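Q: Got a predicted model here, sequence first, then my questions.
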Amino acid sequence: GQQVMQIPQYQHVQEGEDFTTYCNSSTTLSNIQWYKQRPGGHPVFLIQLVKSGEVKKQKRLTFQFGEAKKNSSLHITATQTTDVGTYFCAGQGGSYIPTFGRGTSLIVHP
Amino acid sequence: DTAVSQTPKYLVTQMGNDKSIKCEQNLGHDTMYWYKQDSKKFLKIMFSYNNKELIINETVPNRFSPKSPDKAHLNLHINSLELGDSAVYFCASSLLDNDEQFFGPGTRLTVL
């Protein structure tokens, strides 16, 4: 079945440093979604990528979808303490069964 | 107004008991989901309902049964609870099955 690998599992950064999390799928995806879960909270949708090679930006966040539609990344520029949380990617294949990566927990040190 | 709501927020129970978790969405979405998040934060999809029809049924024990009385509700019933069932259970909904998902606040289930 479809598997989505996400790395790293944890990332500690000093406030102001950049952060990147990566997702790789074992199969070609129809789309990939990114979610953020704050400690004690629930996943909140950030963005969906559909097109091969697509790049989308939300303020300091940059999302990329690979040319082969099997990998994706989320990059945060100049992290802030409000960025703390776990970032999940979720890939959907032809059956649209969402498969979540294991998440990357971002810890920002002030 | 809460888009996706779940009750209860916390549930503590003994092994062997039967319990239900309720989920309601007021977004008019067609698809609803149940996820289990373990202590390592792994989000695993359990069920999905689209227009009251089960379209995903992952390899979860048959002690778990989703029940959808109408398009706005997807309840999760669990029989004969086991220690390993302890987790946070999230309900979610989406307009279509390839759209963004809106998650509920979660139900923390603790089995003693």
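A: Nice, thanks for sending it over.
Q: Spell out the secondary structure type for residue B:46.
A: Three-state call for residue B:46 (DSSP: H, G, I helix; E, B strand; the rest coil): strand.
Q: Looks like residue A:23 contacts residue A:29 (just checking).
A: No: when contacts are counted by C-beta atoms under 8 Å, residue A:23 is not listed as touching residue A:29 (9.4 Å). The way it works is simple: take the backbone N, C-alpha and C, and place the C-beta from them, glycine included.
Q: Show me the common contact partners of the two, please.
A: Counting by C-beta atoms under 8 Å, 6 or more residues apart in numbering or on different chains, the shared contacts of residue A:23 and residue A:29 are residue A:91.
Q: Just give the number of residues close to the closest residue to residue B:50 other than its chain neighbours.
A: Leaving aside its sequence neighbours, residue B:50 sits nearest to residue B:31 (C-beta to C-beta, 6 or more residues apart in numbering or on different chains; 4.7 Å). Using other C-beta atoms under 10 Å in any protein chain shown, residue B:31 has 23 neighbouring residues.
Q: And residue B:31, how close does it get to residue B:69?
A: 16 Å (C-beta to C-beta, to the nearest Å).
Q: now residue A:72
A: 37 Å.
Q: who has more neighbours, those two?
A: Higher neighbour count among residue A:72 and residue B:69: residue A:72, with 26 against 9, using other C-beta under 10 Å.
Q: secondary structure element for that one?
A: strand A:71-76 (DSSP states H and E).
Q: any idea which helix or strand comes after that strand?
A: strand A:85-92.
Q: Strands of chain B, start to end?
A: Secondary structure of chain B (DSSP state E): strands located at B:4-7, B:10-13, B:19-25, B:31-37, B:43-50, B:53-57, B:64-70, B:73-78, B:87-94, B:102-103, B:107-111.
Q: contacts for the first one?
A: This means strand B:4-7. B:21-25, B:27, B:89-93, B:102-107.
Q: ok, and what's touching stretch B:47-56?
A: By C-beta under 8 Å, 6+ apart, stretch B:47-56 touches A:97, B:30-34, B:45, B:57-58, B:60, B:64, B:66, B:68, B:70-71, B:74, B:76, B:97.
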